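Trainee: sequence first, predicted model second:
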Amino acid sequence: MVLQVIAKILLILFLLAAPFLLYGFGGELLKIIAQISLKDLRWTAFTIGFVVFLPFHFLAKRLFSSVWSYLQTLEHELTHLLVGLVFLKIPVGIRVSAHSGGEVRQIGFGAIGQTWISLAPYFFPTVSIFVVVLAYFIGANSRIMPGLLGFSTAFHLVTNWAETSFKQTDLQKAGIVKTILILPVMNTICYGSILAFVAGGDKGFGAFWFEGVSSSLKLFGRLF
């Protein structure tokens, strides 16, 4: 009961902070975008990976549509599962299909974190974050890693954003108001983190977060 109250308070605080976070991290994201240059091999590799995904996705939908649909659903459900683990939810079952969606069943701590678990696939690029973690350990300067990041980022944008609709059960579970407040901020933070990593590796990633939080707090301070 106490944990549920704490979780609700933290969620309310995040929703209140959402406009400030969007300002802070959005500003940092725009700075990164403004500095993109294809003369930098990392950005070239990222762009190539991103662009290559588009015809790949087109062909995959036509040549092996069932397998491709299954993989998209699998990634979607695994994102629910992974974010559920953050809130100490124990996965007890997962169903994935090519044409009738999927489902993850988790138990533990009641409804704590349910909003974040429901919305996770619509802002958390699971494959891209996995590539970032891998790149951190094997070297972010490799040309392969930015290319994989570009490919995986395009995968999330195209496949998951195509599903984003208020008719979606996940969004209805979270609620329209919370969805509208959370998704813009979290997409800005998640995709900004990826681009920051491409631009400057782990240092760029850290700077993005530091400056994003700092700018958010500065705006709050100016207003209040």
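Mentor: Okay, I see it.
Trainee: and whatever helix or strand residue 219 lives in, what other elements does it pack with?
Mentor: Residue 219 belongs to helix 176-223 when elements are defined using DSSP states H and E. With contacts taken as 3 or more Cβ pairs under 8 Å, 6 or more residues apart in numbering; DSSP states H and E, helix 176-223 sits against helix 2-34, helix 41-63, helix 114-119, helix 126-138, helix 144-161. C-beta: built from backbone N, CA, C; applies to glycine.
Trainee: for the chain, which residue occupies the most central location?
Mentor: Residue closest to the mean C-alpha point of the chain, counted by Cα atoms, centre = their mean, is residue 124 at 2.0 Å.
Trainee: is it correct that it falls within a helix?
Mentor: No. Using DSSP: H, G, I helix; E, B strand; the rest coil, the secondary structure at residue 124 is coil, not a helix.
Trainee: would you agree it is in contact with residue 78?
Mentor: No. In this structure, residue 124 is not within contact of residue 78 by Cβ atoms under 8 Å, at 10.4 Å.
Trainee: quick one: low-confidence parts of this structure?
Mentor: 1, 139-142, 161-167 (pLDDT under 70).
Trainee: what's the neighbour count on residue 110?
Mentor: 12 (other Cβ atoms under 10 Å).
Trainee: three-state assignment of it?
Mentor: coil.
Trainee: if I look at it, how far off is residue 7?
Mentor: Noted for residue 110: a distance of 9 Å to residue 7, by Cβ to Cβ, to the nearest Å.
Trainee: can you pull the contacts of residue 35?
Mentor: Going by Cβ atoms under 8 Å, 6 or more residues apart in numbering, residue 35 touches residue 199.
Trainee: do that again at 10 Å, thanks
Mentor: By Cβ atoms under 10 Å, 6 or more residues apart in numbering, the contact set of residue 35 is 43, 195, 199-200.
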